[in-house]
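**Q** next one to model:
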Amino acid sequence: MPGRTPSRRYMDNVEKVRAELERYEHPLFAFEAQAHGDGVEVLIRFQPERADVHVYSYVLRPREIAHPQFPWTFQRQLYDCLHDYVIEMFVRNPQREN
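**A** Next up is the predicted model:
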């Protein structure tokens, strides 16, 4: 519901994802996590920010964050999303009509 304050459990999930993100540093990308419904939205920003490059985001569900293998599955998902993000940044490629 709009305007509702996220519960402590959801905020704990946000903090868990933020703590995991702190383990990653990249010269081209900045990472952020915020509450999103009952999950956590991970934002990936190109740096320095540019108007022609969108912010990439994806949502982690509570069951993904609670999983005992979360650090490993998170890394795989983050790397997969970074790959997708870089591919989405192409201005021109043979598959896109110009």
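
**Q** strands of the protein, start to end?
**A** 29-36, 39-46, 56-60 (DSSP state E).

**Q** how far is the shortest one from where the chain is centred?
**A** Between the mean C-alpha location of strand 56-60 and the chain-wide mean there is a distance of 4 Å, by C-alpha atoms, centre = their mean, to the nearest Å.

**Q** do the same with stretch 58-75
**A** Averaging C-alpha positions (C-alpha atoms, centre = their mean) puts stretch 58-75 12 Å from its chain's average.

**Q** buried residues in it?
**A** Using 16 or more other C-beta atoms under 10 Å as the test for burial, stretch 58-75 gives 58, 60, 64-65, 70, 74. Just so you know, the C-beta spots here come from the backbone N, C-alpha and C atoms, and that holds for glycine as well.

**Q** any idea which residue sits dead centre in this protein?
**A** In the chain, the C-alpha closest to the average C-alpha coordinate belongs to Val42, at a distance of 2.5 Å (C-alpha atoms, centre = their mean).

**Q** can you verify my assumption that that residue contacts His36?
**A** No - counting by C-beta atoms under 8 Å, Val42 stays clear of His36, with 9.1 Å between them.
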